[in-house]
Each structure stands twice: as C-alpha cells, then as structure tokens.
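Participant: Sharing a model prediction with you, sequence too.
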Amino acid sequence: MSEQYHTLICAEDLAALIANDAPLRIFDCRAQLGNPQRGAELFATGHIAGAQHADLDRHLSDPPDDRGRHPLPNRDAWLAQVRLWGIQPGQQVVVYDDVGGQMAARAWWMMRWLGHAAVAVLDGGLQHWPLPLESGSGPSPQPSDFSANTPLTRLWQVAQVVENLQTQDHALLDARAEVRFRGEQEPIDPVAGHIPNAACLPSTDNLTETGLFKSPQALRQRFVHLDPEKTVCYCGSGVTATHNVLAMKVAGLAEPALYADSWSGWITDRTRPVGR
C-alpha cells in the first residue's frame, strides 16, 4: 500500500500517484464567492486529469439560512454525496483549488468530519501543477458503499459560542482579513465586526509568497500562543476557517474546533453581541 497523505501533498507526489495508477480520488474545489457558477465554469475549462468537481455551494454547503452563507450540510446528506462520488473507505482523496487551499480546506475538513483520514490538500494548488489539464465534465464513477466513522474533527454550535462569551474557556480565532475583523471594511456580510473576545489570524498568512504553505516550524510559531485543544476557528462562512485548522495540523499541533456558522451565521440573530 502506498503512503497516505493526511494534510498536504505536493504536486510531484500527486503526479507520481497518478502515473502509478494509485487508487485515489481528486476533487477540484475552485470557487468564487458571490459567483456560484464560477467553479463549474473553471472546472469545465480545465482541471487535473481524472478530477471531479466539488462545488462549494452545491456539494460542500446547504443553501444560506440562519446558520450563515455556507452552512454545513447534514452529515448524512454529505455521506450520501461522498458515496455518489464513488469514494472508497481508506482511499486517498486529494482536493485542490487556485487560492492556496483556502477553498479546498473545506472539503478536507468535511472528509475528516466523516472519519476519513486519507485526505490531503494539494500544496500550492493548481498554479503549481506541472502537467497539462483536461477539459470537460470529468469521470462518472460508480457509487460506493463508503461508511462514516467517528469524526476526526470537532464542530461547535452557536450555543457553545454564546456560552463561551461568559466562560471564555476557549479562544476564538477569526481567519478573515484584519480590516474585516476590525469592522473597517465589510464587502460581503450585512454587519461588520467580529465575535467579542476573538483574535484575528488571517488564513492568508499561512502561505508563503508563492502560495505554498509555510514550513511546520513557521506555522508552529504562528500559533504558539494558542492551546489548539481550546481554540475554535471561524471566518465569514466557515470556509477559510478550515485553512487555519489545516495549518495547525501541518504544524504538528492538535486539531482545533470549527464554528462552521461563523460570522455570517452569528449575525443572523441581531441580539448577539458584536465586537469592533
């Protein structure tokens, strides 16, 4: 059995797996906030050979509701989708995008939510892929009998975040840009600011200038002031927050929890406090 990848995989290693006909599933997670059709358009134009399209709005989220702009689907519904994609138990899954893993990390987290450890984000994304792309709709595999196992993740609900406002037992970590965190700019959501007592560590700072993840040592230094087991990650809609979760895992740290509703879910109840 070939080596399995649980956090990141480099382009060279993925190319080698493909060349050796290793059993794996590859998913293109490219997306553009505010333009739900863009991911499918990009996929049809060109994608890694053999990849399937994992759409942020159709596959990785429910329609917007009081849980925010990209609420997690029901776990059973997500399991059904994974089966439709033909993913086999223990099979290596690789997910990629074109923004340094900011979107693909959501699919990485969701596979771990089903207890599937063999899932990795393509480090550097499509910009670092050395081989020609293929166009079209991608493969149509036979459905599988994939079974969910104990989650490898931790998921927080809004009631826990509300309670934590009083206890402050856990640190809240916001993955958005500083200007959005401070409420100085809000291009997406109707209310600016952040959840009170949160700190801001933008997920974009997990990457080098070339779009690759920083070294484990550099990432450990970035999160050195946190106890990951008492940290809860959030962002605008529960997508880029998973990038901070992944970065902590790359650093060799314990996995923090995710508040998937995030800022866009928090502000659906206007009685909840806002920090600025």
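Facilitator: That came through fine. These numbers come from a predicted model, not from an experiment.
Participant: Tell me how far the residue minimising distance to the centre of the chain lies from Leu173.
Facilitator: Among the residues of the chain, the smallest C-alpha distance to the mean C-alpha position (CA atoms, centre = their mean) belongs to Arg106, namely 2.0 Å. Applying CB to CB, to the nearest Å, one obtains 16 Å for the distance of Arg106 from Leu173. In short, each C-beta sits where N, CA and C put it, glycine included.
Participant: ok, Gln160 - contacts?
Facilitator: If you count contacts by CB atoms under 8 Å, 6 or more residues apart in numbering, Gln160 has them with Val232, Tyr259.
Participant: where do the helices sit along the stretch 51-200 of the chain?
Facilitator: Chain-ordered helices for the stretch 51-200 of the chain, with DSSP state H, counting those that start in this stretch as the definition, fall at 75-84, 104-113, 158-167, 178-181.
Participant: Please name every helix or strand in contact with the last one.
Facilitator: If I follow you right, that is helix 178-181. Of the remaining helices and strands, none touches helix 178-181 by 3 or more CB pairs under 8 Å, 6 or more residues apart in numbering; DSSP states H and E.
Participant: Now do the buried residues in it.
Facilitator: Buried residues in helix 178-181, counting neighbours by 16 or more other CB atoms under 10 Å, are found at Arg180, Phe181.
Participant: what about that helix, distance to the chain center?
Facilitator: When C-alpha coordinates are averaged (CA atoms, centre = their mean, to the nearest Å), helix 178-181 and its chain have centres 20 Å apart.
Participant: Contacts for that helix next, please.
Facilitator: Under the criterion CB under 8 Å, 6+ apart, external residues in contact with helix 178-181 comprise Asp174, Gln185, Glu186, Pro187, Ala192, His194, Ala198, Cys200, Pro202, Gly236.
Participant: I figured the fifth one hits Ser264, correct?
Facilitator: No - using CB atoms under 8 Å, Ala192 is not in contact with Ser264; the gap is 11.9 Å.
Participant: more neighbours, these two?
Facilitator: Ser264 (22 against 18; other CB atoms under 10 Å).
Participant: pretty sure that one is touching Gly68, no?
Facilitator: Yes - using CB under 8 Å, Ser264 and Gly68 qualify as a contacting pair, with a distance of 3.7 Å.
Participant: intersection of neighbour lists for those two?
Facilitator: With contacts defined as CB under 8 Å, 6+ apart, the residues adjacent to both Ser264 and Gly68 are Ser237.
Participant: pLDDT below threshold where in the chain?
Facilitator: In the prediction, the chain carries residues with pLDDT under 70 at positions 1-2.
Participant: in it, which spans are strands?
Facilitator: Per DSSP state E, the chain has strands spanning 8-9, 24-28, 52-53, 92-96, 119-122, 155-156, 171-174, 199-200, 231-234, 257-259. These are given in chain order.
Participant: Can you tell me what sits against the fifth one?
Facilitator: Translated: strand 119-122. Outside strand 119-122, the residues that touch it by CB under 8 Å, 6+ apart are 5-11, 14, 92-96, 101, 104-105, 107-108, 111-112, 128-129, 246.
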